[in-house]
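> I need the structure of the sequence given here:
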Amino acid sequence: MIWLLGFLGIVGLVVIYDLVQSKHAILRNFPLIGHFRYWLEAVGPELRQYIVTSNDEERPFSRDQRRWVYASAKKQNDYSGFGTDNEIELASNYLIIKHDTLATSTPPTYGEGYPLPCVKVLGAARGRRKAFRPASVVNISAMSFGSLSAPAVEALNRGSAIAGCLHNTGEGGIAPHHLHGGELIWQLGTGYFGARAADGGFDRDECVRKIEAHPVRAIEIKLSQGAKPGLGGVLPGAKVTAEIARIRGVPQGETVLSPAGHRAFGNVDEMLDFVEDLADATGLPIGIKSAVGQMGFWAELAERMATEDRGVDYIAIDGGEGGTGAAPFSFSDHVALPFKVGFSRVYRVFAERGIHQDVVWVGAGKLGFPESALLAFCLGADAVAVGREAMMAIGCIQAQRCHTGHCPTGVATQNPWLARGLDPTDKSARLANYVIALRKELTRLSHACGVDHPGLLTADHMEILDGNFGSRPLHDVFGYRAGWELPSAADIEALRSETTATG
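Here you go, the predicted structure:
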């Protein structure tokens, strides 16, 4: 009996500790039994090696990828030993970074946080009153309050402030949880949440008022996202709490529909009028975010921007491999081109007309890893936006329960009990650590290639293996001409002058 009481006492102490500690959301939400997750994780490599899968077989993110994010976020050892376990010679479409043989071994000193400002000034090409140079080429992608919990949004915003990067609100409007020091990109989706008129249309005056009251640096008009382009969204009435209803400007408890298309415009011409009107009213740079399918839209947009004074300040291309809280398999698996194909096609359309340097290019879709982000820069991207990788940095374990509302780590849920397991203060530091680690690796890889900044990379710095002992450079694979990927000489010189002036 004494042994039993002692055992129960120990168990009780473990439960109490799990409930009050704030470091591990899994243990706070699932005291005692949550330890089994960490025990299984500890022996996971051995189980997979002999029973299940290798380090590179899990999807959408492999164990190697998740381990790098977790280790970087926790400031742990993110190195690996004994060489690569990838079948490089036999791998098809395998990325190879071409280093400079005579590059010095020590990367340039950028400071502890490895700040990597964007080469281009966002909004400068079109003379926006509030044009600015993004302080980081790595920023947080659009994930709204509603799809993510309040503590998760707060952690992302606090972490963005620490890392000095931009935080995209997602299409759910600006919530109080976005206001913890991080600067915002306000995304306007088809529901116009936060600037929504009574009839569901766009309320320009309300949009201006919200921008004047909040730290918004740019506006992003969402045309579509990679995981479900061409598909409207549905927020069930049961999830429309009083707080979400107030933020989104919709009735509490009623199902809210986000249509597939915008009501404020219906073609490229009307969209450019909408963009210019919004830019005039707010002074902010205006961008668009879209997945890539048929190319007619992009050809017309590029042609109008080449021949008219109207245009967007940045274009964010989301690959079909991008994530979402919920989407039909047919859309997430088969609609929209993957990032490499979609981005290169759109970039080529603008480069052929000589206006690609007037746009800040943003890439998204599983680009939160050094080699993937580096490829985006080699194709002409000026910055990358990370979504699911940022979620993993604040605790996501790839449970793939986002669509159920039962995320065990409290990241993608509105369940109060599950959300309480996520401590925003602790997780914000992890988000910042991850962003800084990614910028550090981009700096080191760029320097290994012989350039000081990833924005100076070209398609000649990477090749793609074909799985048959052959390879092709990126410019050959994607049909690029020499020099297309580089910013203008004026942009490069301006960045170097600013960097020198600030030390």
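> average pLDDT for the host helix or strand of Ser72?
Using DSSP states H and E, Ser72 sits within helix 63-73. The pLDDT scores in helix 63-73 average 90.
> count the neighbours of Glu87 for me.
Other residues near Glu87 come to 10 when the count uses other Cβ atoms under 10 Å. The way it works is simple: take the backbone N, C-alpha and C, and place the C-beta from them, glycine included.
> for it, what are phi and psi?
phi -80, psi 80 (degrees, to the nearest 10).
> give me the three-state assignment for Gly380.
coil (DSSP: H, G, I helix; E, B strand; the rest coil).
> tell me how far the residue lying closest to it once chain neighbours are set aside lies from Gly455.
Once flanking residues are discounted, Gly380 sits nearest to Glu485: 4.4 Å by Cβ to Cβ, 6 or more residues apart in numbering. Distance from Glu485 to Gly455, counting by Cβ to Cβ, to the nearest Å: 9 Å.
> joint contacts of the two?
Taking Cβ atoms under 8 Å, 6 or more residues apart in numbering as the criterion, Glu485 and Gly455 both touch Phe377.
> any idea how far the helix holding Ser72 is from the middle of the chain?
16 Å (Cα atoms, centre = their mean, to the nearest Å).
> and what of stretch 375-393?
With Cα atoms, centre = their mean, you get 6 Å for stretch 375-393.
> got it, and stretch 287-305?
Here the centre of stretch 287-305 is set off from its chain's centre by 21 Å, with Cα atoms, centre = their mean.
> in it, what counts as buried?
287-293, 297-299, 301-302, 304-305 (16 or more other Cβ atoms under 10 Å).
> and the helices in the stretch 51-200 of the chain, which stretches?
63-73, 150-163 (DSSP state H, counting those that start in this stretch).
> who does the one residue sitting closest to the centre of the chain bridge with?
The centre of the chain sits closest to Val386, judged by Cα atoms, centre = their mean, with a distance of 2.0 Å. Going by DSSP bridges, Val386 is paired in beta bridges with Ile140.
> contact partners for it?
So Val386 contacts Val138, Asn139, Ile140, Ser141, Ala364, Leu367, Gly368, Val435, Leu438 (Cβ under 8 Å, 6+ apart).
> which of these sits closest to Pro60?
Gly368 (11.7 Å; Cβ to Cβ).
> quick one: that closest one and Ala390 touch, right?
Yes - taking Cβ atoms under 8 Å as the definition, Gly368 is a contact partner of Ala390 at 7.1 Å.
> between those two, which one's more packed in?
The neighbour comparison of Gly368 against Ala390 (other Cβ under 10 Å) goes to Ala390, with 30 against 27.
> that one contacts Ile140, correct?
Yes - the pair Ala390 / Ile140 is scored as a contact, 5.3 Å apart, by Cβ under 8 Å.
> now do the shared contacts for these two.
Taking Cβ under 8 Å, 6+ apart as the criterion, Ala390 and Ile140 both touch Leu156, Leu431, Val435.
> okay, now the first one: neighbour count?
If I follow you right, that is Leu156. 31.
> cool, and Val208?
Val208: 15 neighbours (other Cβ under 10 Å).
> equivalent analysis for Val69, please.
Neighbours of Val69 (other Cβ under 10 Å): 25.
> so which bits of the one helix or strand Glu441 maps to are buried?
Here Glu441, judged by DSSP H and E, is contained in helix 424-448. Of all the residues in helix 424-448, those buried under the rule 16+ other Cβ under 10 Å are 424, 426-443, 445-448.
> same check on stretch 399-418?
Of all the residues in stretch 399-418, those buried under the rule 16+ other Cβ under 10 Å are 401-402, 405, 407-415, 418.
> what does it contact?
25-26, 29-30, 146-149, 151-152, 239, 241, 244, 324-326, 391, 394-397, 419-422.
> spit out the contact partners of His167.
Asn139, Ile140, Leu156, Asn157, Ser160, His178, Gly182, Glu183, Leu184, Ile185.
> try it again at 10 Å.
By Cβ atoms under 10 Å, 6 or more residues apart in numbering, the residues touching His167 are 139-143, 153, 156-161, 178, 180-185, 215, 217, 390, 431.
> distance-wise, check it relative to Ala306.
32 Å.
> burial check on the closest residue to Leu166 other than its chain neighbours, number of neighbours?
Leaving out its chain neighbours, the residue that sits closest to Leu166 by Cβ to Cβ, 6+ apart is Asn139, at 4.2 Å. By other Cβ under 10 Å, the residues close to Asn139 number 26.
> over to Ala351?
19.
> looks like it contacts Trp484 (just checking).
Yes - Ala351 is within contact range of Trp484, at 4.5 Å (criterion: Cβ atoms under 10 Å).
> which residues do those two both contact?
Common neighbours of Ala351 and Trp484 (Cβ under 10 Å, 6+ apart) are Ser344, Gln357, Gly380.
> okay if I get those residues as CSV plus pLDDT, distance to Asp460 and neighbour count?
As requested, those are arranged in CSV below (pLDDT from 0 to 100; distance: Cβ to Cβ, whole Å; neighbours: other Cβ atoms under 10 Å):
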residue, pLDDT, distance to Asp460, neighbour count
Ser344, 97, 15, 24
Gln357, 96, 18, 20
Gly380, 97, 13, 28
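> for Asp273, state which of the residues you listed is nearest.
Nearest to Asp273 among the shared contacts of Ala351 and Trp484, with distances taken as Cβ to Cβ, is Gln357, at 24.1 Å.
> distance of the spatially closest residue to Tyr480 that is not a sequence neighbour relative to Gly483?
Leaving aside its chain neighbours, Tyr480 sits nearest to Ala459 (4.8 Å; criterion: Cβ to Cβ, 6+ apart). Here the criterion is Cβ to Cβ. By it, Ala459 lies 10 Å from Gly483.
> which residues are common contacts for the two?
His475.
> tell me which of those two has more neighbours.
Taking other Cβ under 10 Å, Ala459 and Gly483 do not tie; Ala459 has more neighbours (24 against 10).
> among the helices of the stretch 51-200 of the chain, which is the most enclosed?
Ranked by mean neighbour count, the helices of the stretch 51-200 of the chain are led by helix 150-163 with a mean of 26 (mean count of other Cβ atoms under 10 Å).
> tell me what that one is packed against?
strand 138-140, strand 167-168, helix 388-393, helix 416-420, helix 424-448 (3 or more Cβ pairs under 10 Å, 6 or more residues apart in numbering; DSSP states H and E).
> outline the domain layout of the chain.
For the chain, automatic domain parsing gives the domain ranges 2-90, 138-502.
> mean pLDDT for those: which is lowest?
Minimum mean pLDDT among the domains of the chain: domain 2-90, a mean of 71.
> please, where are all the strands along the stretch 151-300 of the chain?
Listed in chain order, the strands found in the stretch 151-300 of the chain under DSSP state E, counting those that start in this stretch are 167-168, 184-188, 216-222, 233-235, 256-258, 286-290.
> and the last one, what does it pack onto?
If you count contacts as 3+ Cβ pairs under 10 Å, 6+ apart, strand 286-290 packs onto strand 184-188, strand 216-222, helix 268-282, helix 296-307, strand 314-318, strand 360-364.
> one more time with 8 Å, if that's ok
strand 216-222, helix 268-282, strand 314-318, strand 360-364 (3 or more Cβ pairs under 8 Å, 6 or more residues apart in numbering; DSSP states H and E).
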